[in-house]
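[1] Quick check, what structure comes out for this input:
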Amino acid sequence: MPHWTLRPLVALLVFAIPAATAAHGGKLDAHGCHADRRRGDYHCHRGPFAAQRFASQSEMLHAVAAERSADRPPSCVLSSAVQIRTIARVVDGDTLVLDNAERVRLIGVDTPETVHPRRPVEYFAEQASAFTKRMASGKTVLLEFDQANAAVGHKDKYGRTLAYVYLPDGVLLNRAIILQGYGHVYSRLPFRYLEDFRAAERDAREHGRGLWANLADGK
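    Below is the predicted model of the structure:
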């Protein structure tokens, strides 16, 4: 099973819709945990972390990530390489702005340009931008970094943060853009999901989604 399919399991621990109510009034998520304002912590009543307490959801996420990463090579460990953030604005199909004005460039995907200073708006750029806005604007997301970019501080040459972005429903936005035909694989720089993203692009081409619709029609 590709690594990316495991990430939604991590994301769901943070974003799950409250499923029950604790005896003292706090709502439990699908894994039996909740934030307790009275005690000032985040703790669990059911599930794999029953009876455990954490300072915050982020601390719990790190514990979950470490557990799920126990059988992976060091380059895949997530516990020190994730953040929970909110998307304040979408610049275009592959670039986002966080709630602290930090710009994020989605790893492994390239969409047509809408805001390039020296180029006109490219074919299907507006549709790609609209898709990413619809999927991510205003949402609290999980950012994950790739060890391949550690040497450059997880930044591209424009100073944007390089990241994978998981949506509240666990969908990996980078891959979804490619799978739905709103962008293609950006392979100039290495990243660990390269082959899986290439498979997603082949699927989009074969089914004539988005950018590839004309190919499917034989035009």
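
[2] Give me the helix or strand of the protein that scores worst on average pLDDT.
    The least trusted helix or strand in the chain, going by mean pLDDT, DSSP states H and E, turns out to be strand 20-21, with a mean of 36.

[3] So, low pLDDT: which residues of this protein?
    1-26, 29-32, 47-49, 57-81, 114-121, 215-219 (pLDDT under 70).

[4] what are the ranges of the helices in it?
    Remark: helices assigned in the chain by DSSP state H are 7-15, 57-68, 125-136, 173-179, 194-206, 213-216.

[5] For the fourth one, enumerate the helices and strands it packs against.
    Right, the one you point to is helix 173-179. Helix 173-179 sits against strand 103-106, strand 109-110, helix 125-136, strand 161-166, helix 194-206, with contacts defined as 3 or more C-beta pairs under 8 Å, 6 or more residues apart in numbering; DSSP states H and E. All C-beta atoms are positioned from the backbone trio N, CA, C, and that covers glycine.

[6] strands paired with the shortest one, and their directions?
    Spelled out, that is strand 109-110. Its sheet considered, strand 109-110 pairs with strand 184-185 (antiparallel) by DSSP bridges.

[7] can you list contacts of the partner strand?
    Gly108, Val109, Asp110, Ile178, Leu194, Phe197, Arg198, Ala200, Glu201, Leu211 (C-beta atoms under 8 Å, 6 or more residues apart in numbering).

[8] CA-only coordinates of whichever strand in the chain runs longest in PDB, if you can.
    Longest among the strand segments of the chain by residue count, using DSSP state E, is strand 82-92. Included here for strand 82-92 are C-alpha records, laid out as PDB according to Å, rounded to 0.1, in the frame of the first residue of the first chain:
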ATOM      1  CA  VAL A  82       4.100  17.700  10.500                       C
ATOM      2  CA  GLN A  83       2.200  20.900  11.300                       C
ATOM      3  CA  ILE A  84      -1.500  21.700  11.700                       C
ATOM      4  CA  ARG A  85      -2.300  25.000  10.000                       C
ATOM      5  CA  THR A  86      -5.100  26.900   8.400                       C
ATOM      6  CA  ILE A  87      -5.300  28.000   4.700                       C
ATOM      7  CA  ALA A  88      -5.900  31.700   4.600                       C
ATOM      8  CA  ARG A  89      -5.800  32.100   0.800                       C
ATOM      9  CA  VAL A  90      -5.100  30.200  -2.400                       C
ATOM     10  CA  VAL A  91      -2.700  31.900  -4.800                       C
ATOM     11  CA  ASP A  92      -3.200  29.500  -7.700                       C
END
